[in-house]
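Colleague: here are the coordinates; sequence isn't available:
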């Protein structure tokens, strides 16, 4: 059956049969439309008119446990994900929700005492004192915007 709607011919599908109603909500609207030979928006509209919730594939969701939360932030996300059977992104999101920084054994954060050394000593000497790499050293963001006066250098750092 065809109907002229707004100047264009639109195929009108009768959703009156119980078989067509059974499909709604049991598969995606696109799959229903393809099976019935109608447009996607028609299946979507009919499903909404009948108050049928949209179909969503079942996710492999499992609730988080306190034991898992205790492990978050104690090892790299990828390693923990493999250990507890979750994706790396799920572990990363949970770590963010818990307010924990990522654990990267290859990265060491800069302390204020170490940042004071920048610009006073050569990179190789700073690397030897602090354990940071001289080649891969990235200037900490705090030093880009804040000038740390040499008078603030602790005596133990300069003498050491």
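Modeller: Thanks, I have the structure now. Everything quoted here is computed from the prediction, not taken from an experiment.
Colleague: what about residue 132, how many residues close to it?
Modeller: Per other Cβ atoms under 10 Å, the neighbour tally for residue 132 reads 19. For the C-beta atoms, the positions are set from N, CA and C on the backbone; glycine is no exception.
Colleague: Burial check on residue 49, number of neighbours?
Modeller: As a burial measure, residue 49 scores 10 neighbours (other Cβ under 10 Å).
Colleague: make that residue 36, sorry
Modeller: For residue 36, the tally of surrounding residues (other Cβ under 10 Å) stands at 20.
Colleague: Check residue 46 too.
Modeller: 20.
Colleague: And what about it, helix, strand or coil?
Modeller: State at residue 46, reduced to three classes by DSSP: H, G, I helix; E, B strand; the rest coil: helix.
Colleague: From residue 19, how far out is it?
Modeller: Per Cβ to Cβ, to the nearest Å, residue 46 is found 13 Å from residue 19.
Colleague: what does residue 125 give?
Modeller: Residue 125 is 80 Å from residue 19, by Cβ to Cβ.
Colleague: tell me the pLDDT at the nearest residue to residue 71 once chain neighbours are set aside?
Modeller: Among residues not flanking residue 71 along the chain, residue 80 sits closest, at 5.8 Å (Cβ to Cβ, 6 or more residues apart in numbering). We have a pLDDT of 93 for residue 80.
Colleague: So for the helix or strand where residue 80 lies, what gets flagged as buried?
Modeller: If you go by DSSP states H and E, residue 80 is part of helix 77-84. The neighbour-count check on helix 77-84 (16 or more other Cβ atoms under 10 Å) flags 77, 80, 81, 84 as buried.
Colleague: now do stretch 46-60
Modeller: Across stretch 46-60, burial judged by 16+ other Cβ under 10 Å covers 46, 47.
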